[in-house]
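J.: fold the following and give me the result.
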Amino acid sequence: MAGINRRGFLRAAGITGTVLGAGLLGSTPSFARGASPQLAHSAGTTLQAAAQPVAGDGYRRLTAGPGWPQVVRTDLVVARADRVDRRVPVAAFTQFTDLHLVDAQSPARFEYVHPLAAGAHRPQETLTALGAAHLVRRVNSLPGAPVTGRPIDFMITTGDSTDNHELAELDWYFGVLNGGRITPNTGDLTTYEGVQDSGDPLYWHPDGDVSDRFREAGFPVLAGLLDDAIRSFDSPGLRMPWYAVFGNHDNSVVGTVPDQLIPGLADWYTGSRKIIGRDERETREIVALMEGHSEQRTADVMDTRTGLVRTVTPDERRRPFSTEEFIRAHLDPANTGPGPVGHGFSSDDESYYTFPIAPGVTGISLDSTNTAGFAEGSLGLAQFRWLEKVLTAGSSVYYDELGRKQQQSATDELFVLFSHHTSGTMTALLPDFRRPGEIRMSGASVVRLLKRFPNVLAWVNGHTHQNTITPHHADDPACGFWEINTASHVDFPQLARIIEVVDNADGTLSLFTTLIEADSPYQVDYDDRSPEALASLYRELSFNNPHTDLAKLGELGDRNTELLVPGRMPTR
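T.: Numbering: from 1, shown residues only. Model (predicted):
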C-alpha cells in the first residue's frame, strides 16, 4: 500500500502563481505565469459575476460586476504545467460560515453600542434567515463544483450559525439548512418590537417616521419592511449532507460575554425589558466588557434596570442554549434532514469529531470556542491531545515533539481541519468555564502541531468575517499546509466558499477555492417584497452598513484560487 509522498519538494520562494481575469474592488497582485485552469462551469459563482456598487456617493445600490479571477498559488510547491491534463477530482464541498441567524428583537442584545462596536447592530439584521435560505438555494442550483464538475459532496458550517445562542435562532438554523416553513419572529406574533421602530435616532427606521443617522446617510424609506421581514417563508433545505462546527456566538451572549458572568441570564433573555439606549459612560463600560478588559464588576455593567427601556412581549423561545443542548439538537432525528444523523456529532458531550470526506481523506472538526475568552478561542488540552492522536494514527511518517522523524506502519490519510476560529484568533488561554482547570492551547500551538505531519492539506475556518488564505511553511516543506479563512454571510460581501480537492497525479494536489453569493438579484424595485427581493435587500443593506469594510473581501489571492500542496493520494 503506497503512502502519501509529500517529501522531497522544495517550497517556492515568496508567492507565485497565475492570475486569470480582472479584479473587482481589489488590486491585482503580481504572480508568475503558468498553466490556466480549465473550468467545468463558472455560472452561479464569483468567477462569472460579483456584486459591485453603482457609481456615486453615499448610499449606493448594487449591480452585477465582472467575476473575480482564479489565482494559482504556488507558495508551498512548484506547479507543473501538464497537471491540467492529469487531474483526478477527489472531493468537493461547500463551506458556510458566520450565518449569524439573529433574533433582532431579543432583549439580550446590545444594539446601542454599535457606534463603538461593529456587529452590535446591522440595518439588515431582520433578514438574516431569509438571506441564508437564498444561499442554500444557490448551492442547490449549482450543477456541480465549478472546476471539476464533481457533484458537491457535503456542506459544513464553521460556526456562529446563531447570533444570540437562542433556541428560536437554533430552530431557524435547522429550518434553513433542512428545509421547511420559517417564521423569523419572536415575542408578539404580529408586530416587530425591536430597536428599528423604537424612535431612537441611533438606528435605521425603515418606515421613515424618524430622522435617524442612517437616513441622514442616504438610507431609503422602505415602509412596511419590518412587517415583511417577520413574515413566514419557505427554505428549500440543502440537497446534500451537512456538518456543523461550534462558534463563539453559539455559546455566549452575542458571542462575547460569558453566560456565567451575568446573573439571571435566562430571565433577561425571556423577559419583557429591552434596553434601547444607555448613556455614553455605560456604553463604553459595556464595550470594554465585551472586549474582555473591563475593570467594572459584570453584574454592575450588565444591569438591565438602567437605560432607555421599552416593554416587549416575553418569549420562552429566546432562552439561551448550552453547548450540550446545541449538540443534542443535532442528534435529534427530527433535525437530521439530508443527514448524516448528528451532522458529525455522536454524543452530547463531545463537541469535536472526525468524518469521512472521501476515500483517503478525513475531515477533523474542532471546537475552538472558550467561554472565558470573550470572542477569542483556543483548544483545551484534552482536545489538543486527541487531535495529535488522530494525526499520528493516520500518518506513516511524522515528526515527534522533539522534531525527530518517526516511521510506523500506519495507513496514510490526508486531513482537512475545520474550526470556527483562525490560528491568529485563538489567543484566549484562561480556563474555559465549562472545563475549569484545563490548560488551553493557542492557535500558534496548533500550527506547530500541524507542521509535524506531512498529510495535513488545509485548515478551513471563519470568525474574522474576512477572506484570507495563508500558507504555513514548515522546516520540512512536505509538512506545509494552507489556512483558508472565509468571510461571513451576515456582513458584506456575504459569501460562502466551494473547495475542491484534486489529485494532480504528479506528486502534488490542488485545492480549488471558489466563492459564491446567495441566489438573489443584485437590485430590485423597492416596492417588491417577495422573498427574492427581501434577500436582495439583505445584500444591499449590508453593503451600505456604516461599519462595512471592503478590505474583508481580501486580495485576489484570497478569493478564487488554486492552492498547490505537495502530496499524492494513497492507494486504497
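J.: contacts, neighbours, all on C-alpha from now
T.: Will do.
J.: how close does the closest residue to residue 46 other than its chain neighbours sit to residue 515?
T.: Leaving aside its chain neighbours, residue 46 sits nearest to residue 67 (5.1 Å; criterion: CA to CA, 6 or more residues apart in numbering). For residue 67, the distance to residue 515 equals 10 Å [CA to CA, to the nearest Å].
J.: now do residue 433
T.: Counting by CA to CA, the gap from residue 433 to residue 515 is 36 Å.
J.: sorry, back to before: surely the residue nearest to residue 46 meets residue 49?
T.: Yes: here residue 67 lies in contact with residue 49, judged by CA atoms under 8 Å, at a distance of 3.8 Å.
J.: comparing residue 433 and residue 515, which shows the higher neighbour count?
T.: residue 515 (25 against 16; other CA atoms under 10 Å).
J.: so where's the stretch 51-200 of the chain uncertain?
T.: Filtered on pLDDT under 70, the stretch 51-200 of the chain yields no residues whatsoever.
J.: which parts of it are helices?
T.: 83-86, 128-141, 167-178 (DSSP state H, counting those that start in this stretch).
J.: got it, and the stretch 351-500 of the chain?
T.: Ranges of helices in the stretch 351-500 of the chain, per DSSP H, counting those that start in this stretch, are 381-393, 443-450.
J.: quick one, the first one and helix 443-450 angle?
T.: Following axes from the mean of the first three to the mean of the last three CA atoms, to 10 degrees, one obtains 20 degrees for the angle between helix 381-393 and helix 443-450.
J.: so where's the stretch 451-572 of the chain shaky on pLDDT?
T.: Low-confidence segments of the stretch 451-572 of the chain (pLDDT under 70): 571-572.
J.: residue 324 and residue 331, how far apart?
T.: On the measure of CA to CA, residue 324 and residue 331 end up 11 Å apart.
J.: which one of those two has more residues nearby?
T.: Per other CA under 10 Å, whichever of residue 324 and residue 331 has more neighbours is residue 331, with 20 against 14.
J.: distance of the more buried one relative to residue 340?
T.: In terms of CA to CA, residue 331 sits 9 Å off from residue 340.
J.: for residue 101, same thing?
T.: Residue 101 sits 22 Å away from residue 340 when distances are taken as CA to CA.
J.: those two: who's more crowded?
T.: For the pair residue 101 and residue 340, the greater number of neighbours falls to residue 101 (31 against 18), based on other CA under 10 Å.
J.: these two touch, right, the more buried one and residue 165?
T.: No: Residue 101 is beyond contact range of residue 165, at 9.3 Å (criterion: CA under 8 Å).
J.: list the contacts of residue 539.
T.: 124, 131, 492-494, 522 (CA atoms under 8 Å, 6 or more residues apart in numbering).
J.: sorry, that was for residue 513
T.: 497-500, 559-563.
J.: switch the cut-off to 7 Å
T.: Going by CA atoms under 7 Å, 6 or more residues apart in numbering, residue 513 touches 497-500, 560-562.
J.: buried subset of the residues you listed as a ChimeraX selection?
T.: Buried residues within these, by 16 or more other CA atoms under 10 Å, are selected in ChimeraX with:
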select :497,498,499,500,560,561,562
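J.: just the ones of the contacts of residue 513 in strands?
T.: 497-500, 560-562 (DSSP state E).
J.: of these, closest to residue 543?
T.: residue 497 (19.0 Å; CA to CA).
J.: tell me how far that closest one lies from residue 134.
T.: 15 Å.
J.: who's in contact with the most centrally placed residue in the chain?
T.: The chain has residue 97 as the residue nearest its centroid, 1.9 Å off, counting by CA atoms, centre = their mean. Listed by CA under 7 Å, 6+ apart, the contact set of residue 97 reads 157-160, 462, 488-489, 496.
J.: swap the cut-off to 8 Å and go again
T.: Contacts for residue 97 (CA under 8 Å, 6+ apart) come out as 157-161, 420, 461-463, 486-489, 496.
J.: now stretch 471-480: buried residues?
T.: By neighbour count on 16+ other CA under 10 Å, the buried set for stretch 471-480 is 471-474, 476-480.
J.: how far off centre is that stretch?
T.: 26 Å (CA atoms, centre = their mean, to the nearest Å).
J.: list the contacts for residue 512?
T.: So residue 512 contacts 147, 498-502, 560-563 (CA under 8 Å, 6+ apart).
J.: what do you get for residue 349?
T.: 324, 327.
J.: for residue 434, see how far away it is.
T.: From residue 349 to residue 434 the distance is 11 Å (CA to CA).
J.: leaving aside the residues adjacent along the chain, what's closest to residue 342?
T.: residue 331 (4.0 Å).
J.: what's the answer for residue 353, then?
T.: Among residues not flanking residue 353 along the chain, residue 365 sits closest, at 5.3 Å (CA to CA, 6+ apart).
J.: report how many residues lie close to residue 506.
T.: Neighbour count for residue 506, taken as other CA under 10 Å: 15.
J.: got it, and residue 39?
T.: Neighbours of residue 39 (other CA under 10 Å): 12.
J.: now do the SS call for it.
T.: Three-state call for residue 39 (DSSP: H, G, I helix; E, B strand; the rest coil): coil.
J.: what of residue 551?
T.: helix.
J.: burial check on it, number of neighbours?
T.: 12.
J.: which ones are touching it?
T.: residue 466.
J.: of the contacts of residue 97, just say which sits nearest to residue 142.
T.: Relative to residue 142, the closest of these is residue 496; by CA to CA it sits at 13.1 Å.
J.: so how far is residue 490 from that closest one?
T.: Taking CA to CA, one finds residue 496 at 11 Å from residue 490.
J.: one more: residue 83?
T.: In this view, residue 83 and residue 490 are 37 Å apart by CA to CA.
J.: so between these two, which is more surrounded?
T.: Taking other CA under 10 Å, residue 83 and residue 490 do not tie; residue 490 has more neighbours (27 against 19).
J.: okay but the more buried one is in contact with residue 542, surely?
T.: Yes: between residue 490 and residue 542 there is a contact at 7.5 Å, judged by CA under 8 Å.
J.: which residues do residue 67 and residue 515 both contact?
T.: 46-47.
J.: in a markdown table: the contacts of residue 512, plus distance to residue 189.
T.: Shown next, in a markdown table, are the contacts of residue 512 (distance: CA to CA, whole Å):
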| residue | distance to residue 189 |
| --- | --- |
| 147 | 46 |
| 498 | 37 |
| 499 | 40 |
| 500 | 43 |
| 501 | 46 |
| 502 | 50 |
| 560 | 43 |
| 561 | 46 |
| 562 | 48 |
| 563 | 49 |
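J.: hmm, which two among those are most spread apart?
T.: It's 502 and 560 that sit farthest apart of the contacts of residue 512, by CA to CA, at 15.3 Å.
J.: and residue 499, what is it in contact with?
T.: So residue 499 contacts 92-95, 511-514 (CA under 8 Å, 6+ apart).
J.: rebuild those as TSV, extending it with distance to residue 181.
T.: Formatted as TSV, the contacts of residue 499 follow (distance: CA to CA, whole Å):
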residue	distance to residue 181
92	29
93	26
94	23
95	24
511	36
512	34
513	32
514	30
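J.: now a PyMOL select for only the buried ones of these.
T.: Restricted to buried positions by 16+ other CA under 10 Å, the PyMOL selection for these reads:
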select buried, resi 92+93+94+95+511+512+513+514
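J.: among the contacts of residue 499, name the ones in strands.
T.: Using DSSP E, the subset of these located in strands is 92-95, 511-514.
J.: closest one to residue 424 out of the residues you listed, please.
T.: Nearest to residue 424 among these, with distances taken as CA to CA, is residue 95, at 19.6 Å.
J.: for that closest one, give the beta-bridge partners.
T.: With DSSP bridges as the criterion, residue 95 is bridged to residue 156, residue 497.
J.: state the distance from it to residue 331.
T.: From residue 95 over to residue 331 (counting by CA to CA), the distance is 21 Å.
J.: residue 432 contacts residue 438, doesn't it?
T.: Yes: contact criterion CA under 8 Å: residue 432 and residue 438 qualify, at 7.5 Å.
J.: and those two? Which one has more around it.
T.: The neighbour comparison of residue 432 against residue 438 (other CA under 10 Å) goes to residue 432, with 22 against 16.
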